[in-house]
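**Q** structural data only, the sequence is not supplied:
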């Protein structure tokens, strides 16, 4: 009885202050905060009674524990599944929950693993309980798995969602099949993010079984989110044609009743599929709308806004707006660091994206300090969290290797140069091994690693090996992407450089340079930044063979290119520019996309 009285007293205390808050607009925060602080000061005494308070108030008490640095007490609370299930219901405070959760992880509290194990144990016992308890368990699994995925703890998220899906699969009931399908969709997202692509494919096949059973019962389904995850899987495996077809299907199925986070994710993934198919106008329209939705509905400090910005940065990088992409990637990194702290996979990925954009941006200046810093940070974070052979390390190692190679070339100390080139080779070979293990030989990612090794071997004066690597890269890319893709042009230009500067194969080099220029002009126009290296290569080539008319011609072409570059720098403040982006309804955006496709 005493517990009930104490609980009622505190509930009345809070509700009285909240009622006063609604009447006195200048006092609410201080009154409410004073009440929370008073409760927290007596936390140990009233710990059990506090659990009777409404979810939002209970969360604010835990957040106050976090801000006061009382992480041991917070950890005891958050490691209880029942407590954390209530915390998850405070949806409008999700970014604050990420702050608390990451602080516990950094403090050495394995909250993610403890909660995942607790939920799996709960699933073992719930099967004998009434249907209402089973429904509560599956809803909790879906919510907990989703949160752990948002926080970047993919292994534990996968464990939770798999246990939840297995509970759903055990019942011959359409409502449980529907939840099972939702679990499969989220499980695909987790496995894609964690580079477990074969498992993701298996999950998609499991989802199709649910679809068949639900369709046989006449249950209407919206598969937009599932097809968005299938698009992500195909994209990761470099099956770009199939990814693009599925992204169209996913967009067609979007509906106004879907959660905004799902809509934003579908738009983001469809934009990326458009980028690799060089459908740049569609990609721009989709990603700008995703950024708009994230900013207007979640704010500029929310992880979903950072997610959208990262994909906007990907678009900008691929349309040759390099400096703008660096700005966008830096903003996304800042948001993720503010939400998740330093030791988190989402932060590592943002560091890696910024590292590569900075490398491209700084390439002509030769100043790679920023790029090197972010590449190192990405690798250090990932190696603290994931196994040493995880595929996510392949990209980070590749970027670091590219940077070290350029630093080595500019070094005036032969010993330092050789040391850096050797380290670069080790990183490239490790990346190639990881890519081949995950994707096989005939894959765009594998081809990129071959091309990078070709450039490195050229710097190491191993010219025949360099030629072999470049030829392999070109063959794979042509087979998968066609003969006039941007990636093909890059490899063709690198082989031309090898023939021109180091192997005196001028006739072959000339043909390759002209082919690279032709592809670049078709895709990006005459102001494309990559044309500079082809033009300079041809000037050197024609000088070498004594064709001075061509030397003059391409000097003039290079001058014209420089003038075009000055006019195509884009907006100075890309974030301000996108903030002014004209808002349209999502159905109108999808309609425009489909009209362009037709």
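**A** Received the coordinates, thanks. Remember, predicted model here, so these are calculated numbers, not experimental data.

**Q** I'd like the distance between residue 441 and residue 285.
**A** Residue 441 is 36 Å from residue 285, where distance means CB to CB, to the nearest Å. In this view, the C-beta of every residue, glycine as well, is placed from N, C-alpha and C.

**Q** who has more neighbours, those two?
**A** Neighbour count, other CB atoms under 10 Å: between residue 441 and residue 285, residue 285 has more, with 21 against 11.

**Q** for the stretch 101-250 of the chain, which segments are assigned as helices?
**A** Ranges of helices within the stretch 101-250 of the chain are 111-126, 131-151, 154-169, 174-193, 197-216, 224-236, 240-252, based on DSSP state H, counting those that start in this stretch.

**Q** just the buried positions in the longest one, please.
**A** What that stands for is helix 131-151. Residues 134, 137-138, 140-151 are the ones in helix 131-151 that count as buried (16 or more other CB atoms under 10 Å).

**Q** do stretch 233-242 as well
**A** Of all the residues in stretch 233-242, those buried under the rule 16+ other CB under 10 Å are 233, 234, 235, 236, 237, 238, 239, 240.

**Q** closest to residue 452 among the residues you listed?
**A** When the buried residues of stretch 233-242 are compared for distance to residue 452 (CB to CB), residue 238 wins out at 15.9 Å.

**Q** wait, doesn't the closest one sit right on residue 444?
**A** Yes: with contact defined as CB atoms under 8 Å, residue 238 and residue 444 form a contacting pair (3.8 Å).

**Q** one step back: ok, which of the helices of the stretch 101-250 of the chain comes nearest residue 419?
**A** Residue 419 lies closest to helix 224-236 among the helices of the stretch 101-250 of the chain, at 34.1 Å (CB to CB).

**Q** same for that closest one, what does it pack against?
**A** Judged by 3 or more CB pairs under 8 Å, 6 or more residues apart in numbering; DSSP states H and E, helix 224-236 is in contact with helix 174-193, helix 197-216, helix 240-252, helix 260-276.

**Q** pLDDT of that helix, averaged?
**A** In this model, helix 224-236 carries a mean pLDDT of 96.

**Q** now it against helix 260-276, angle please.
**A** Interaxial angle, helix 224-236 versus helix 260-276 (axes from the mean of the first three to the mean of the last three CA atoms, to 10 degrees): 30 degrees.

**Q** got the contact list for helix 224-236?
**A** Contacts with helix 224-236, where a contact means CB atoms under 8 Å, 6 or more residues apart in numbering, come from 181, 184-185, 188-189, 192, 195, 197, 200-201, 204, 207, 240, 242-243, 246-247, 249-251, 253-255, 258, 262, 265-266, 269-270, 272-273, 276.

**Q** low-confidence ranges, the stretch 401-550 of the chain, go.
**A** The model of the stretch 401-550 of the chain has no residue with pLDDT under 70.

**Q** could you pull out the helices for it?
**A** In the stretch 401-550 of the chain, the helices defined using DSSP H, counting those that start in this stretch lie at 414-439, 444-459, 463-481, 486-501, 506-524, 531-545, 548-567.

**Q** is it possible to get TSV of those that adds mean neighbour count?
**A** Output for the helices of the stretch 401-550 of the chain, formatted as TSV (neighbours: other CB atoms under 10 Å):
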stretch	mean neighbour count
helix 414-439	18
helix 444-459	24
helix 463-481	19
helix 486-501	23
helix 506-524	18
helix 531-545	19
helix 548-567	13
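
**Q** compare the ones you listed and give me the one nearest residue 106.
**A** Smallest distance to residue 106 across the helices of the stretch 401-550 of the chain (CB to CB): 27.2 Å, for helix 414-439.

**Q** run the chain-centre distance for that closest one.
**A** Centroid displacement of helix 414-439 relative to its chain, using CA atoms, centre = their mean, to the nearest Å, is 24 Å.

**Q** what angle do that helix and helix 444-459 make?
**A** With the same axes, to 10 degrees defining the directions, helix 414-439 sits at 160 degrees from helix 444-459.
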